[in-house]
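Trainee: Predicted model follows, preceded by the sequence.
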Amino acid sequence: MDEQKVLSIKGLLDDTPEEYLSHKEKYENSIRKSVLFYKTLHSTEDENMSVDEKTKLNFRNIVTSAIFKDNSPFMLHNSMFIPTIMGQGTDEQREYWMKRAKNMEIIGTYAQTELGHGTFIRGLETQATYDPDTEEFVLHSPVLSSYKWWPGGLAHTANYCIVMARLYIKGKSHGIHPFMVQIRDEETHMPLPGIKLGEIGAKLGFNTVNNGFLGFENHRISRDRMLMKNAQVLKDGTFVAGSNSKLTYGTMVYVRVLIVSNMANMLAKAVTIALRYSAIRRQSQPKPDEPEPQILDYVTQQHKLFIAIASSHAFYMNAMWLWEIYYSVSLQLASGKLDNLPELHALACCLKPLSTIDATAMIEKCRLACGGHGYMLSANLAQTYGLATAAYTYEGENTVLLLQAARSLVKAWVGHVKGRPLKGTMAYLAGDSTVKAWDGSIDGIIQSFKVVAIRKISSVVKILQDYEKSGLSPEDAWNKASVFLTAASEAHGRAVLLSVYKSEMDKRAAVLSPPLRKVLLQLVDLYVTYWALEKVGDMLLYASITDKDVDELQRRYIELLAAIRPNAVGLVDAFDFRDEILNSTLGAYDGRAYERLMEEAMKSPLNAEPVNQTFHKYLKPFMRGKL
Ligand SMILES: CC/C=C\C/C=C\C/C=C\C/C=C\CC/C=C/C(=O)SCCNC(=O)CCNC(=O)[C@H](O)C(C)(C)COP(=O)(O)OP(=O)(O)OC[C@H]1O[C@@H](n2cnc3c(N)ncnc32)[C@H](O)[C@@H]1OP(=O)(O)O
Ligand SMILES: Cc1cc2nc3c(=O)[nH]c(=O)nc-3n(C[C@H](O)[C@H](O)[C@H](O)COP(=O)(O)OP(=O)(O)OC[C@H]3O[C@@H](n4cnc5c(N)ncnc54)[C@H](O)[C@@H]3O)c2cc1C
């Protein structure tokens with residue numbers, strides 16, 4: 001599609017700045033946009049299209065999906081409803097439901113979290129009781145805390161949803177399983193009998209995703225609505241367990257992998273906005289006889305922003321690497337081979353938290369680096385922060401996931417000490433953890449991060465074992481040591497992030513032009529040096545760094561900032577975000593931030609009139625002492 005058509009879509013989209021819409025209008029506007037995008041996004045390629053036309057079509061699809069995905073009521077349909085059907089449905093269930101879902105004949109969501117439980121899936125209270133007489137499941141929400149609460153699109157958009165419910169057969173619980181449930185009439189969109197639906201209210205962000213609540217009052221669904229790839233209920237009520245109960249949690253692993261790449265994208269957007277603004281903003285006069293400099297020339301500004309560029313690259317490389325692992329483990333699971341699932345789960349439980357923790361903090365730093373104008377909603381930094389910070393919580397709250405990773409690390413270490421071989425991303429734990437002398441090379445620093453992880457894991461295992469020797473139960477020992485268990489997981493995650501970023505860049509370096517290779521490897525060097533300085537305490541404790549080494553690292557860091565400065569704007573331009581996607585007065589490609597700030601200001605409804613009606617109604621009588 002040509003430039004003008006894409007822009008016209010944008011024009012249709014943003015005729016009303018969202019900031020000045022009501023909560024209800026924001027949702028209604030978002031549905032309008034989502035339908036428009038979906039229509040555009042899914043206009044199929046015509047086989048006799050020229051290559052150029054197909055390229056333009058794909059380009060348009062990228063443009064529209066990039067705008068569409070972040071805050072749409074359709075978000076869960078794509079990111080969880082469809083993947084769950086794919087991952088949890090039988091072949092015939094996939095055949096039937098994928099067709100309807102892909103064609104948008106139905107709109108779905110993923111309802112797992114309840115008012116009373118989010119993390120503890122085994123504590124979910126929604127009941128699915130099998131009735132062998134009618135070959136149906138009876139869905140019921142026994143108490144208020146069992147209402148589904150949070151699912152995106154659930155309130156007024158979806159007419160189907162995957163409900164994660166506790167299966168009961170003849171009074172016996174068989175754990176949590178996925179059920180395909182129609183929640184609204186396909187013609188009238190009214191909630192079906194025995195189903196209560198509504199919206200959960202205004203949030204810090206994601207205010208057009210239509211997060212909702214869902215309660216069941218003995219609502220019946222047929223037996224074939226349980227997604228039965230991983231476990232089955234036969235007509236007579238016989239339960240056939242799956243090979244691993246955690247296979248029903250597969251969608252969460254998938255989304256955690258997605259989130260790492262999403263953080264790369266969010267952070268790239270934020271640093272594009274902040275860095276472009278830093279290139280046009282001039283402020284202060286450090287040298288009396290010279291003009292005000294670009295704020296990008298302040299080294300403190302470079303310190304705030306350049307790590308965000310490098311981190312976006314690091315998250316992207318790790319996401320692509322993790323995706324390959326996810327894909328190969330998924331193929332293994334399909335053939336019943338489960339032994340690599342725990343490692344994939346542990347990796348996702350490290351990289352999802354670390355990428356969301358870093359991205360959230362760095363997006364906020366991008367906002368803070370833009371002064372007052374960064375505080376404007378029209379800068380689109382606050383909203384980007386709101387989207388990113390939600391990922392700290394959803395898809396597994398970060399603390400909880402880091403503790404999950406710690407479970408795997410502790411088991412791996414205890415096994416290693418008993419002589420069991422370590423494999424995959426934990427193999428390095430068997431390495432030598434004594435560092436004779438500090439090695440300040442990139443590989444040397446990455447090796448030091450691995451030593452830090454080994455030492456933190458081994459020391460927290462010792463703490464656990466001492467607590468248990470003192471008579472504490474394993475659960476109490478675990479809870480007491482949990483702060484340092486999460487620290488050990490973070491150390492492992494850092495070692496993975498750094499080594500994968502370096503190795504993935506090394507793979508690509510060979511095909512890059514020398515100038516491009518130089519710049520991209522400078523970002524790797526910056527990333528490794530930044531984190532060595534951020535974690536200097538660990539380096540002092542475990543990696544034999546001396547004060548002289550730290551001094552050298554600081555000087556190297558400063559030189560790297562200076563080296564990257566000439567290419568900084570080019571590096572964010574290379575993210576190639578269109579203005580429509582950045583949607584920012586500060587980050588537009590043409591650099592006309594002041595004009596755009598004024599244009600947006602004039603859209604405020606308050607500027608429609610010079611005197612607001614409250615003057616005559618309140619202010620004037622008040623000032624005249626007549627109120
Ligand atoms: C168009 C859109 C395009 C793109 C979008 C872009 C990017 C994506 C962005 C956003 C995604 C979209 C929307 C997000 C909306 C949010 C949705 C949600 O939040 S859905 C709900 C998510 N909820 C959770 O994640 C709950 C977290 N809790 C858990 O995972 C478990 O309860 C927990 C693991 C924490 C503990 O469970 P428990 O039963 O207590 O397990 P236990 O600790 O006893 O461990 C048991 C055993 O099982 C293993 N295990 C646990 N979980 C998994 C798993 N997922 N996979 C594999 N194995 C697992 C665990 O390791 C342990 O094994 P061992 O006993 O140690 O052997
Ligand atoms: C924007 C957004 C969108 C969402 N979309 C969906 C959706 O589409 N579908 C869906 O099903 N859910 C969705 N969720 C819900 C999300 O998955 C849950 O919020 C998340 O799993 C955390 O559960 P909770 O909110 O019940 O917090 P809890 O599990 O109650 O945890 C609260 C706090 O307690 C502490 N804590 C809890 N358990 C432990 C533990 N074992 N060890 C140590 N500390 C612990 C942590 O500090 C945690 O932050 C969404 C949430 C958000 C914010």
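Mentor: Nice, thanks for sending it over. Ligands and ions are numbered 1, 2, ... in the order given.

Trainee: Name the nearest residue to residue 235, sequence neighbours excluded.
Mentor: Nearest non-adjacent residue to residue 235, counting by Cβ to Cβ, 6 or more residues apart in numbering: residue 135, 5.5 Å away. The C-beta positions use only the backbone N, C-alpha and C, and glycine is treated the same way.

Trainee: Near the residue nearest to residue 296 when sequence neighbours are not counted, how many residues? Count them for me, please.
Mentor: Nearest non-adjacent residue to residue 296, counting by Cβ to Cβ, 6+ apart: residue 278, 3.9 Å away. When neighbours are defined as other Cβ atoms under 10 Å, residue 278 has 27 of them.

Trainee: Against residue 416, how distant is residue 278?
Mentor: Separation of residue 278 from residue 416 (Cβ to Cβ, to the nearest Å): 47 Å.

Trainee: Residue 277 too?
Mentor: 49 Å.

Trainee: now residue 600
Mentor: Counting by Cβ to Cβ, the gap from residue 600 to residue 416 is 58 Å.

Trainee: Run a quick neighbour tally on the nearest residue to residue 591 once chain neighbours are set aside.
Mentor: In space, and not counting its chain neighbours, residue 591 is closest to residue 280: 4.5 Å by Cβ to Cβ, 6+ apart. By other Cβ under 10 Å, 17 other residues sit near residue 280.

Trainee: Would you confirm that residue 280 contacts residue 589?
Mentor: No: using Cβ atoms under 8 Å as the test, residue 280 is too far from residue 589 to be in contact (11.2 Å).

Trainee: Find residues that contact each of the two.
Mentor: Contact criterion Cβ atoms under 8 Å, 6 or more residues apart in numbering; residues shared by residue 280 and residue 589: none found.

Trainee: give the contact list for the residue positioned nearest the centre of the chain.
Mentor: The C-alpha lying nearest the average C-alpha coordinate of the chain belongs to residue 259 (Cα atoms, centre = their mean; 3.2 Å). By Cβ under 8 Å, 6+ apart, the residues touching residue 259 are 352, 355, 356, 391, 395.

Trainee: would it count as being in a helix?
Mentor: Yes: when DSSP: H, G, I helix; E, B strand; the rest coil is applied, residue 259 is found to be in a helix.

Trainee: can you pull the pLDDT of it?
Mentor: In this model, residue 259 is scored at 94, pLDDT.

Trainee: Could you report the distance from it to ligand 1?
Mentor: Taking Cβ to the nearest ligand atom, to the nearest Å as the measure, residue 259 falls 5 Å from ligand 1.

Trainee: okay, residue 277 and residue 416: which has more neighbours?
Mentor: residue 277 (26 against 18).

Trainee: And the closest residue to ligand 2 within the chain, its phi and psi?
Mentor: In the chain, the residue found nearest to ligand 2 is residue 118; the distance is 2.0 Å by Cβ to the nearest ligand atom. For residue 118, the backbone dihedrals (degrees, to the nearest 10) come out as phi -130, psi -60.

Trainee: and it, what is it in contact with?
Mentor: By Cβ under 8 Å, 6+ apart, residue 118 lies in contact with 150, 397.

Trainee: run the last query once more with 10 Å
Mentor: Counting by Cβ atoms under 10 Å, 6 or more residues apart in numbering, residue 118 makes contact with 112, 124, 149, 150, 393, 394, 396, 397, 400.

Trainee: Among the residues you listed, which lie within helices?
Mentor: Among the contacts of residue 118, the members found in helices (DSSP state H) are 393, 400.

Trainee: So how do I select the buried members of the contacts of residue 118 in ChimeraX?
Mentor: Those of these that count as buried under 16 or more other Cβ atoms under 10 Å are selected in ChimeraX with:
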select :112,124,149,150,394,396
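
Trainee: now, among the contacts of residue 118, which is nearest to residue 497?
Mentor: Comparing those against residue 497 with Cβ to Cβ picks out residue 396 as the nearest, at 17.8 Å.

Trainee: which residues in the stretch 501-627 of the chain form helices?
Mentor: 514-534, 536-542, 547-564, 568-573, 579-582, 593-601, 614, 620-623 (DSSP state H, counting those that start in this stretch).

Trainee: Figure out which of those helices is closest to ligand 1.
Mentor: helix 579-582 (14.0 Å).

Trainee: list the buried ones in the closest one?
Mentor: When burial is assessed from 16+ other Cβ under 10 Å, helix 579-582 yields the following buried residues: 580, 581, 582.

Trainee: Equivalent analysis for stretch 431-438, please.
Mentor: So, applying 16+ other Cβ under 10 Å, buried residues of stretch 431-438: 433, 435, 438.

Trainee: That stretch: end-to-end distance?
Mentor: End-to-end distance for stretch 431-438, by Cα to Cα, to the nearest Å: 16 Å.

Trainee: what do you get for stretch 188-195?
Mentor: End-to-end span of stretch 188-195 (Cα to Cα): 15 Å.

Trainee: what's the answer for stretch 155-166, then?
Mentor: Termini of stretch 155-166 sit 22 Å apart (Cα to Cα).

Trainee: how does this structure divide up, domain by domain?
Mentor: If you go by automatic domain parsing, the domain ranges for the chain are 3-69, 107-246, 254-422+439-570.

Trainee: can you pull the contacts of the nearest residue to residue 157 once chain neighbours are set aside?
Mentor: Distances taken as Cβ to Cβ, 6+ apart place residue 73 nearest to residue 157, at 4.0 Å, with adjacent residues excluded. Counting by Cβ under 10 Å, 6+ apart, residue 73 makes contact with 27, 30-31, 33-35, 107, 109, 152-158, 208-212.
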